[in-house]
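Undergrad: Got a predicted structure here, sequence first:
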Amino acid sequence: MRLLVVTAVAAELDSVAQGLRALEDRGVHPLPGHRLRRLGVAGGPLRADLLAAGVGPGAAAAGAASALATAFLANEAYDLVVAAGIAGGFGGVAPVGSVVVADAIVAADLGAETAAGFLPVQKLGFGTSVHLPPQPLAGEVARTLEAVTGPVLTVSTVTGTARNAELLAARHPGAAAEAMEGFGVAEAAEAHGVPVLEIRAVSNTVGPRDRDAWRIGDALAALTDAFGKLRPLLEKT
Ligand SMILES: O=C(O)c1cccc(C(=O)CC[C@H]2O[C@@H](n3cnc4c(=O)[nH]cnc43)[C@H](O)[C@@H]2O)c1
């Protein structure tokens, strides 16, 4: 399988690479504005390209689209794209240190406010605010990682108050986590007809901003552990 993993920042990419350390390092491949880190064994069952595309859905979409197009033009199209990184977990659903596998990748505020409430973009007749990861693969990945499953929201503003956390959870029932890139990665993958997963390790709880409570190191370690467990599954998929 040819796999593309898109993170926001280098620390997340390094954590994923550490999880996949059983694969050989195949060097760095330049893309316009980005660098792909390539892992895999020649002739082996899994080749993984890792990309740190930047923070936010726009950067994520641009980076993922560039990697996908480059691979397509080289006749080496990816079989699977994974958006990965740290995230905020919704209280009572995804505790700090847990891993979340998305069963839906949702652009949380892509739509319109109306007097009757929020209308997602599909209700306005333009595209979609939801991408669905392939089943049964997403479920199998979640079971392998002993992960929480639920919608992962993509936001452009980190939620910083209890009130906004409640509003978001009410608008997206069952939401497990929020992060800032998944939907951008999913849009690019969808344009190329490539299935997409989102895997997040929870560094903080969605709600009042409290930087001292963030457990980024623990979340990065959980991300490494997750990709270590994922490798054998991907090798036989
Ligand atoms: O100082 C802050 O409060 C702050 C404001 C914006 C961004 C940050 C970050 O540390 C980077 C966010 C980065 O990590 C993911 N992430 C992690 N937790 C959350 C969250 O609760 N809500 C949204 N995104 C989160 C996200 O995918 C970004 O890549 C700090």
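TA: Perfect, I can see it now.
Undergrad: and Gly43, how many residues sit next to it?
TA: 6 (other CB atoms under 10 Å). (C-beta placed from N, C-alpha, C; glycine too.)
Undergrad: Parallel or antiparallel, which strands does the worst-scoring helix or strand of the chain on mean pLDDT pair with?
TA: Lowest mean confidence among the helices and strands of the chain (mean pLDDT, DSSP states H and E): strand 117-120, at a mean of 93. Strand pairing for strand 117-120, determined by DSSP bridges: strand 111-114 (antiparallel).
Undergrad: List the buried residues in the strand it pairs with.
TA: Neighbour counts over strand 111-114 (16 or more other CB atoms under 10 Å) mark Gly111 as buried.
Undergrad: Name the residues that touch that strand?
TA: With CB atoms under 8 Å, 6 or more residues apart in numbering as the test, strand 111-114 has contacts from Phe118, Leu119, Pro120, Val121, Lys123, Leu124, Ser129.
Undergrad: which one of the residues you listed sits closest to the ligand?
TA: When the contacts of strand 111-114 are compared for distance to the ligand (CB to the nearest ligand atom), Ser129 wins out at 16.6 Å.
Undergrad: Please identify the helix or strand for the closest residue to the ligand within the chain.
TA: Sorted by distance to the ligand under CB to the nearest ligand atom, the residues of the chain start with Gly88, at 2.2 Å. Gly88 is part of strand 80-89, with elements assigned from DSSP states H and E.
Undergrad: Sheet partners, orientation included, of that strand?
TA: With DSSP bridges as the criterion, the sheet partners recorded for strand 80-89 are strand 2-7 (parallel), strand 177-179 (antiparallel), strand 196-205 (parallel).
Undergrad: Tell me which of these lies nearest to Ala104.
TA: strand 196-205 (9.1 Å; CB to CB).
Undergrad: Give me the residue at the spatial middle of this protein.
TA: Centrality entry for the chain: nearest residue to the mean C-alpha point is Ala83, 2.6 Å, by CA atoms, centre = their mean.
Undergrad: What is the burial count for the spatially closest residue to that one that is not a sequence neighbour?
TA: In this structure, Ala83 finds its nearest non-sequential neighbour in Val185, 3.9 Å apart by CB to CB, 6 or more residues apart in numbering. Residues contacting Val185 under the criterion other CB under 10 Å number 34.
Undergrad: Between the contacts of strand 111-114, which sits nearest Leu168?
TA: Proximity of the contacts of strand 111-114 to Leu168 was ranked by CB to CB; the top entry is Phe118 with 10.2 Å.
Undergrad: Show me what from this protein comes close to the ligand.
TA: Applying CB under 6 Å from any ligand atom, we find that the chain lies next to the ligand at 8, 55, 85-88, 155, 158-159, 178-181, 203-204, 206, 209, 211.
Undergrad: Would you mind giving both backbone torsions of the residue nearest to Leu110 when sequence neighbours are not counted?
TA: Counting by CB to CB, 6+ apart, Leu110 lies nearest to Ser129, which is 4.2 Å off, once chain neighbours are set aside. Main-chain torsions, Ser129, degrees, to the nearest 10: phi -110, psi 10.
Undergrad: If I follow the layout properly, Ser129 ends up in contact with Lys123?
TA: No - Ser129 is beyond contact range of Lys123, at 9.2 Å (criterion: CB atoms under 8 Å).
Undergrad: Look at those two and report which has more neighbours.
TA: Ser129 (23 against 12).
Undergrad: List the contacts of that one.
TA: By CB under 8 Å, 6+ apart, the contact set of Ser129 is Val106, Ala107, Ala108, Leu110, Gly111, Pro120, Val121, Gln122, Phe183.
Undergrad: By neighbour count, which of the residues you listed wins?
TA: Phe183 (28 neighbours).
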